[in-house]
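**Q** Show me how the following folds:
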Amino acid sequence: IIIGAGPAGSNLARCIDSQRYDVLLIDGSEQRGEKVCGGLLSPDAQDLLAKYDISIPSDVLASPQLFSVRTIDLGTEEMQYYRRSYMNVDRGKFDAFLLDMVPDTVEQVKGICKSINKLGDRYELQVKTEVGTERIFCDYIVGADGANSVVRRCLFPQKRIQRYVAIQQWFEAQDENPFYSCVFDNETSPSCSWIFFKDGRLVFGGAFEPKYCRRMFEEQKRKLVEKGIVSEKVFAKPLKTEACQVLRPHLIDGIWRGEESAFLIGEAAGFISPSSLEGISFALASGEYLAEAFGENVGGESILQYYKKKTNALCLKVKCKCVKRPFMYHPVLRTMVLKSGISAIKIKMQESRV
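**A** Model (predicted):
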């Protein structure tokens, strides 16, 4: 059983040998709502899609496609532009696109897993569906259900990891010129915030400490208006507000890939960048590697051993981003980097942005 049909769960379900295994994919996204996400595909995610020979349909893409990020420190008002190659997509449509590629040999159930118990060598799940609560049993279970993973909470409660609350609001863009910004403000958040545009909408979001998260979110909005980065009239009427948990792995701990016949992939395992909060590339890769581990030729290793060996490079990548993180989040180091202009680009022509 795979819990969660985001990029990690869908890619596992697509790649696993569902002729050899009876695979059930449980998806509760319709009952929980959309994930708070920028919907920007990193170069690593694009490389994986290229390797799979997957082309993104035009209706999944979001407008505009932007090629630079404006990095802003609200405290010092230092600002630099950096070249970026992210692909702007509609995250809901992107997830649906990946799910559509799951073969018919994988059974799918729409529901939310409420609890998991280990009974000997098997697992018992209580799953809430449209028709009621069902008991389902399996030999292998995979948590692909993100930061608030029920698999991680029920089976590995001791494997705790720091959590933030991600909050995001959508607004009519009105007459603002589209841009992409990464915002830092140590007074309101230990993490980053973002501003981007999607199909005529301006989206502002960020990750905050759970305590007073909404107050800090609103304070950042006030500062953005005060400094002229976003106009007050745009922020006046939010179209919708979204929130979810997001994980922050540390250099020593945070990543947990499973035990015995229970596995974690994607953000549920802690595979997310602690610097940029990018997780789609990790989700796709970890789903693929676990599918390989369920293959027939794993060299005599157990499924878990093979999966851990394949994902060691992902673990190292997360740790490297943990080392990078202080240069983004420590105010003194960040100021030094921004003032140095290292790897920044100069904007030759820049229209006035209200």
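**Q** For the stretch 251-354 of the chain, give me the ranges with low pLDDT.
**A** 297-300, 349-354 (pLDDT under 70).
**Q** Nearest to the spatial middle of this structure, which residue is it?
**A** Centroid-nearest residue in the chain: residue 279, 3.9 Å away (criterion: C-alpha atoms, centre = their mean).
**Q** my read: that residue touches residue 270, true?
**A** No. In this structure, residue 279 is not within contact of residue 270 by C-beta atoms under 8 Å, at 10.0 Å. C-beta: built from backbone N, CA, C; applies to glycine.
**Q** May I have the longest strand anywhere in the chain exported as PDB, CA atoms only?
**A** Across the chain, the strand with the greatest residue count (assigned by DSSP state E) is strand 107-119. C-alpha atoms of strand 107-119 as PDB (Å, rounded to 0.1, in the frame of the first residue of the first chain):
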ATOM      1  CA  GLU A 107      -5.700  -0.100  -7.700                       C
ATOM      2  CA  GLN A 108      -6.600   3.400  -6.400                       C
ATOM      3  CA  VAL A 109      -8.800   4.400  -3.500                       C
ATOM      4  CA  LYS A 110      -9.800   7.900  -2.600                       C
ATOM      5  CA  GLY A 111      -9.600   8.200   1.200                       C
ATOM      6  CA  ILE A 112      -7.600   9.300   4.200                       C
ATOM      7  CA  CYS A 113      -5.600   6.800   6.300                       C
ATOM      8  CA  LYS A 114      -6.400   7.600   9.900                       C
ATOM      9  CA  SER A 115      -4.300   5.000  11.700                       C
ATOM     10  CA  ILE A 116      -1.800   2.200  11.200                       C
ATOM     11  CA  ASN A 117      -1.000  -0.800  13.400                       C
ATOM     12  CA  LYS A 118       1.600  -3.500  13.000                       C
ATOM     13  CA  LEU A 119       0.100  -7.000  13.500                       C
END
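**Q** mind listing the strands for the stretch 51-200 of the chain?
**A** Using DSSP state E, counting those that start in this stretch, the strands found in the stretch 51-200 of the chain span residues 68-73, 79-83, 87-88, 107-119, 122-129, 132-138, 141-143, 162-172, 181-184, 192-198.
**Q** how far does the helix or strand harbouring residue 334 sit from the chain's center?
**A** Residue 334 belongs to helix 331-340 when elements are defined using DSSP states H and E. Averaging C-alpha positions (C-alpha atoms, centre = their mean, to the nearest Å) puts helix 331-340 27 Å from its chain's average.
**Q** Now do that helix and strand 68-73, the angle between them.
**A** Per axes from the mean of the first three to the mean of the last three C-alpha atoms, to 10 degrees, the angle that helix 331-340 makes with strand 68-73 is 130 degrees.
**Q** I'd like to know which elements helix 331-340 is packed against.
**A** strand 68-73, helix 303-329 (3 or more C-beta pairs under 8 Å, 6 or more residues apart in numbering; DSSP states H and E).
**Q** next helix or strand past the helix or strand of the chain with the lowest mean pLDDT?
**A** Least confident helix or strand of the chain, by mean pLDDT, DSSP states H and E, is helix 29-32 with a mean of 56. Later in the chain than helix 29-32, the nearest helix or strand by DSSP H and E is strand 40-41.
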